[in-house]
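**Q** coordinates only, no sequence provided:
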C-alpha cells in the first residue's frame, strides 16, 4: 500500500491477518475472488475440482488481511476468510 | 358484529349463500376479482370478512387472485376465490400450482355462457371439462355442483372440508342460475356445522419432510413461520420438497397426488338418487339442470315411463362405478346439462355400450325444460 | 465474521440448503452473489428467521428460494408477488422477501409488481437484473438494453428497456435502490434496510449473465464486472427519473427513495377493523 508518508499510527494499528478457506468442490472457476482480492492473495490453482474447474489457491497467504471480499463476491459460497491465529507470520 | 355462522332463516341468492358457507367453514381470506355473475360473492365477503377477523383483498386480475389465496393458505388461512368462465381460464396455471404443492383452498366458478365473453348474465355449464383438465399435466380434482342456494351453502363447507382433508384446491361448479336465484336458506347453529382443518406438521423440525404422506396419502402441512424451514415448489419434488428432475420422482409425486383422491373415492364421491331403484331410464344431471330433471322424473313416471335421477353432487371425481352398475339394468342414460356434451361423454364412456347414453343439452343462456327431457326419453328409448 | 480458528464451514452454511449446493447457476453468474448478499442481510437485520419467508418466481433467480434454509416458496412465473401478498396479509408477522429476476418480475409479472407497489404491501423485493431471460437460454426481456443481441433479437433488441427504479417509483414503492453485485457491501446494507422497511421495498441488482447475455454481447464475466466498476455513478437520493442504465454514458446506483406511508395492512386494520362494518345495506 503506497502512502504519501507513513501513517502516524503505523505502529499502534495492528493490520488484521486472515486465513483463506476454499470449499474447492463448490467453485465454478469464475475467478471473481482472484480478480477482486485487494491484496492479490489468490491465483487459479493447477488442480481440478470434481467438476473440472480450477479453484483458487493462495499464492501469498500471508498477505490476506481478512477483508472477506473474496467471500462476499463469490457466487458459489466456495471461499471465505477467517481471522488468522495470533502467531501467524507477518506479511508485507 | 355479525358472527361467522349466521344461524337463522334467510332469503338469499346462491352467491350470498356461498359466501356465508365459506364464513361458516372458517374461510378467513378471500382473493377477489369482480366478474359477472360471481361478483356478489366478493361483495358479500368484502363486508363480512373483516368483522370475523378475516382478510378481503381485491386483486388486479384473476391470476393474482388465485396466487393470493395459495399464499394465504400456505400462511395458514382457509382461503377462497370466486369467478366465472373468463377468470376461471386465467386461474388455471395457479390452480395447477395448488394441486402440485397440495395447498388447500376453494375456487368457485359461477358459470356463465361461453366461450369467451359469451352471455355474462346467463347461466351455462360449459366449463365442466375445463374443471377436470383445465390446468396442464395429469392430476385429480374435486368439483362439486350445487343445485340451490341452500345447497351451495352446505357445499361450500363441504368444499373446504374436502380441500383441507385431501390438501388440494376444490372447485364449486355453480352457474348463474343458482348464483342469482334467491331461495330460502336455513343456516344451522354453529355447533351443528362440522369443519375440518388440514393435518398439521408435528414433531422434530429438522427431520420434518413436508411431502411425506400419512396413512391416507396426505402429508401433514407445515405453515409458513412455524420454523419447519420447508421448501415448496411447483417443480416436481420429492418428499423433502426438493426439486428432482427425474421420471421416477415424477411418477412418485404424480402417483401420490392422484392416488390420495382415487384411493378415497368412497369418502369423496357424493351422489343423490331420486326414484332410481326401479328406474329403467337413468337421468344423470347436476347443478341447475338437475332441478328440471327432478321434475322430468315425476312427469315421466306419470306418463308410465320408469325414470329416475342420479344427481352428481360431486361431478369430479366422476362416479364411474355407480354408472357401470346402473348400466347393467338401465335401458338407457339421459345426461342433462347446459353444454353440448361434456359430462355426457363420461356417462357414455362408463355405460360402456351396455346401455345407450343420450344428451339433452343446450349451449347455455336457457334452462332445459322437463318437457324437452321427456321428449328425448320418448324418442330415444 | 466470528473468530473460530480453523473453521471449515462457510459462514452462510447455516442458512443454505448445503445438501443442494453446488447450485444451478452458471460459472460467473451474479445471482449467487446477490443471493449471498440476501443471506448476509437477513442475518444482519436481526429479524426472526423462523418468521422469515422467501418467495420466488420462475427463472434462474427464481431458483433462489430452493437454496435458503427457511420457509421458501417457488411459485409460478410472474406470480411470486401476488402469492407473497396473500401470505403477508394472512400473517402480517411474517417477513416476506422476494428473490426473483427481471423477466419474472417485470415482463410476465409486471402487472402484479405495480399493484403491490401501489398498495404498499410490506414486502422486500430483490430483483436480480441480468438483462435477459437466462433460464431459457438468453432471450430478450423488458430490461434488455437497446440493440443488445439475444436469441430472440438476433439483430439487436429494438425495444427500449424499462427504467425499473422509475417504474417502481411511479407505482408507489416506498424504498427503491439499485446496486450491482460488485457493490456487494452497499447491496447487502440496502437489502437489510429493505427487509426492515415497513412497506414495499424494491432493490434492483445488476448481475452478469455470462452464458445467456454475455456470450452474445461480447462480455466475459470479468468484463461485465469491470463495466460495473468503470461505468457506475453512485448518486443516493437521485430522482428515479434521472436514474440511467447505459453502459456508455453511465449506470446510476444508490438508494433513491426511502420514505414511509401506511402499508396495506396498516390501512386495512385501521379502516376495516373492528368497528362498525360496511354491512349496513348489505344486511341479510
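**A** Cool, got the structure. Predicted, not measured: the structure shown is a model, and the values here were computed from it.
**Q** for the chain, which segments are assigned as helices?
**A** All of this refers to chain A. Under the criterion DSSP state H, chain A carries helices at the ranges A:32-36, A:69-73.
**Q** chain C is the one I meant
**A** C:31-45, C:80-90, C:102, C:110-119, C:164-171, C:184-196, C:221-231, C:264-272.
**Q** quick one: check the last one for contact with chain B.
**A** Yes - using CB under 8 Å from any CB of the partner chain, helix C:264-272 reaches chain B at C:264, C:268, C:272. Yep, even glycine has a C-beta here, placed from its N, CA and C like the rest.
**Q** what's the closest of those to chain A?
**A** Using CB to the nearest CB, residue C:264 is the member of the residues of helix C:264-272 next to chain B that lies nearest chain A, at 33.5 Å.
**Q** can you report how many residues neighbour that closest one?
**A** When neighbours are counted by other CB atoms under 10 Å in any protein chain shown, residue C:264 registers 22.
**Q** now residue B:281
**A** 26.
**Q** equivalent analysis for the one 5 residues further on, please.
**A** A count of neighbours around residue B:286, defined by other CB under 10 Å, yields 29.
**Q** doesn't residue B:337 make contact with it?
**A** Yes - between residue B:286 and residue B:337 a contact is recorded at 7.0 Å, counting by CB atoms under 8 Å.
**Q** nearest spatial neighbour of residue B:19, skipping sequence neighbours?
**A** In this structure, residue B:19 finds its nearest non-sequential neighbour in residue B:44, 3.9 Å apart by CB to CB, 6 or more residues apart in numbering or on different chains.
**Q** which ones are touching the one you found?
**A** Neighbouring residues of residue B:44 by CB atoms under 8 Å, 6 or more residues apart in numbering or on different chains: B:15, B:16, B:19, B:20, C:282.
**Q** per-residue pLDDT, it?
**A** Looking at residue B:44, its pLDDT reads 98.
**Q** what's downstream of whichever strand or helix holds it, the next helix or strand?
**A** Element membership of residue B:44 [criterion: DSSP states H and E] is helix B:39-48. Using DSSP H and E, the helix or strand that directly follows helix B:39-48 along the chain is strand B:55-58.
**Q** rewinding a little: mind putting the residues of helix C:264-272 next to chain B into JSON lines with distance to chain A and pLDDT?
**A** Listed next are these as JSON lines, based on distance: CB to the nearest CB, whole Å; pLDDT from 0 to 100:
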{"residue": "C:264", "distance to chain A": "34", "pLDDT": "98"}
{"residue": "C:268", "distance to chain A": "38", "pLDDT": "95"}
{"residue": "C:272", "distance to chain A": "43", "pLDDT": "91"}
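**Q** which of the helices of chain A sits most buried?
**A** helix A:69-73 (a mean of 23; mean count of other CB atoms under 10 Å in any protein chain shown).
**Q** mean confidence (pLDDT) on that helix, please.
**A** Helix A:69-73 shows a mean pLDDT of 98.
**Q** up against chain A, what does the stretch 151-284 of chain C have?
**A** With CB under 8 Å from any CB as the criterion, the stretch 151-284 of chain C meets chain A at residues C:181, C:182, C:184, C:185, C:188, C:221, C:222, C:225.
**Q** okay, now the third one: neighbour count?
**A** In this case it means residue C:184. 23.
**Q** excluding chain neighbours, give the residue nearest to it in space.
**A** residue A:72 (4.5 Å).
**Q** what sits against that neighbour?
**A** C:33, C:36, C:37, C:40, C:184, C:185, C:188.
**Q** who does the lengthiest strand in chain C pair up with?
**A** Longest strand of chain C, by residue count under DSSP state E: strand C:250-258. Sheet pairing here is set by DSSP bridges, and for strand C:250-258 it gives strand C:175-180 (antiparallel), strand C:232-234 (parallel), strand C:245-246 (antiparallel).
**Q** ranking those by burial, who's on top?
**A** strand C:175-180 (a mean of 26).
**Q** and the contacts of that one?
**A** Residues contacting strand C:175-180 (CB under 8 Å, 6+ apart): C:30, C:164-165, C:168-169, C:186-187, C:190, C:193-194, C:197, C:199-207, C:225, C:228, C:232, C:240, C:243, C:245, C:251-258.
**Q** what angle separates that strand from helix C:221-231?
**A** 120 degrees (axes from the mean of the first three to the mean of the last three CA atoms, to 10 degrees).
**Q** can you tell me the closest non-neighbouring residue to the residue in chain C positioned nearest to chain A?
**A** For chain C, the residue closest to chain A is residue C:32, as judged by CB to the nearest CB, at 2.8 Å. Spatially, and ignoring its direct neighbours in sequence, residue C:32 is nearest to residue A:75 (2.8 Å; CB to CB, 6+ apart).
**Q** contacts only, for that neighbour.
**A** A:28, A:30, A:32, C:25, C:28, C:29, C:30, C:31, C:32, C:33, C:36, C:181.
**Q** doesn't residue B:223 make contact with residue C:50?
**A** No - look at residue C:50 against residue B:223 with CB under 8 Å: they stay out of range, at 11.5 Å.
**Q** which one's more surrounded, the two?
**A** residue B:223 (19 against 16).
**Q** got the phi/psi numbers for that one?
**A** With angles defined as degrees, to the nearest 10, residue B:223 sits at phi -100, psi 140.
**Q** distance of it from residue B:259?
**A** Counting by CB to CB, to the nearest Å, the gap from residue B:223 to residue B:259 is 25 Å.
**Q** please apply the same query to residue B:370.
**A** Residue B:370 sits 40 Å away from residue B:259, going by CB to CB.
**Q** who's more crowded, the two?
**A** Each of residue B:370 and residue B:259 has its neighbours counted (other CB under 10 Å); residue B:370 has more, 19 against 14.
**Q** wouldn't that one be in contact with residue B:292 here?
**A** Yes - between residue B:370 and residue B:292 a contact is recorded at 5.2 Å, counting by CB under 8 Å.
**Q** list the contacts of residue B:341.
**A** Going by CB under 8 Å, 6+ apart, residue B:341 touches B:335, B:359, B:361.
**Q** residue of the stretch 51-200 of chain C closest to chain B, please.
**A** Counting by CB to the nearest CB, the stretch 51-200 of chain C gets nearest to chain B through residue C:86 (3.1 Å).
**Q** next helix or strand past the longest helix along chain B?
**A** Counting residues, the longest helix in chain B under DSSP H turns out to be helix B:149-166. Next along the chain after helix B:149-166, taking DSSP H and E as the criterion, comes strand B:169-175.
**Q** remind me what the next helix or strand after that following strand packs against, helices and strands.
**A** Using DSSP H and E, the helix or strand that follows strand B:169-175 in sequence is helix B:176-179. Using 3 or more CB pairs under 8 Å, 6 or more residues apart in numbering or on different chains; DSSP states H and E, the elements in contact with helix B:176-179 are helix B:14-25, strand B:105-113, strand B:119-123.
**Q** any idea of the mean pLDDT in the last one?
**A** Strand B:119-123 carries an average pLDDT of 98.
**Q** and it, what's buried?
**A** The neighbour-count check on strand B:119-123 (16 or more other CB atoms under 10 Å in any protein chain shown) flags B:119, B:122, B:123 as buried.
**Q** what's the answer for the first one, then?
**A** When neighbours are counted by 16+ other CB under 10 Å, the buried residues of helix B:14-25 are found to be B:14, B:15, B:16, B:17, B:18, B:19, B:20, B:21, B:22, B:23, B:24, B:25.
**Q** much appreciated, bye for now.
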